[in-house]
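Engineer: Here is my input; please provide its structure:
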Amino acid sequence: MIAVPRVVYLVGFGVYALALFIATHWPRLAIDSPIRGTDKIIHVGVFFVWTLLLAAAVRHRRLRLRTLGLIACGYAALDEGLQAIPALGRTCSWWDLAANLVGVGLGILVIGLIRRRSGKRALAERRT
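Structural biologist: The predicted structure follows:
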């Protein structure tokens, strides 16, 4: 397996986080779709990816899932709360925050499963 330098993950997370911040705070941005609730699916997806990228960027420290989850949930809440700034012409929504947190939760679940699997593999390799 090819080792990816940590800086690649840090830059990737930084670029994604900046793009997400700009997108979620762009004045009067509206997502139109004929299907109601499409924006909630987007919220789940972007915070799922945000959480995975954060975990990859700090992988050398192996943050506890609880700590990683608290950081991601805190940022998701901050991001949604800042949208209440009147000058942005955006709306702050409990449903959007809930969708953000579902994305974070799914990300934590996937990271936990990956860590568990890699831990079992490492244990099996040590035994042989």
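Engineer: Excluding sequence neighbours, find me the nearest residue to Ala77.
Structural biologist: Spatially, and ignoring its direct neighbours in sequence, Ala77 is nearest to Leu97 (6.2 Å; CB to CB, 6 or more residues apart in numbering). Using the backbone N, CA and C atoms, a C-beta is placed for each residue, glycine as well.
Engineer: Cys73 now?
Structural biologist: Using CB to CB, 6+ apart and skipping residues adjacent in sequence, the residue nearest Cys73 is Val104, 5.5 Å away.
Engineer: Kindly report the same for Thr91.
Structural biologist: In space, Thr91 comes closest to Gln83 once its chain neighbours are excluded; the distance is 6.5 Å by CB to CB, 6+ apart.
Engineer: Low-confidence regions, the protein specifically.
Structural biologist: For the chain, the stretches with pLDDT under 70 are 1, 32-34, 60-62, 120-128.
Engineer: how about the helices in it?
Structural biologist: Along the chain, the segments classed as helices by DSSP state H run 6-25, 38-57, 65-82, 94-127.
Engineer: okay if I get these as TSV plus distance to Ile31 and mean neighbour count?
Structural biologist: Formatted as TSV, the helices of the chain follow (distance: least, CB to CB, whole Å; neighbours: other CB atoms under 10 Å):
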stretch	distance to Ile31	mean neighbour count
helix 6-25	10	14
helix 38-57	5	19
helix 65-82	15	16
helix 94-127	11	14
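Engineer: need those helices in JSON lines with distance to Leu88, can you?
Structural biologist: Putting the helices of the chain into JSON lines (distance: least, CB to CB, whole Å) gives the following:
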{"stretch": "helix 6-25", "distance to Leu88": "6"}
{"stretch": "helix 38-57", "distance to Leu88": "16"}
{"stretch": "helix 65-82", "distance to Leu88": "8"}
{"stretch": "helix 94-127", "distance to Leu88": "14"}
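Engineer: Let me know the distance separating the residue nearest to Ala77 from Ala72.
Structural biologist: As judged by CB to CB, to the nearest Å, Leu97 and Ala72 stand 13 Å apart.
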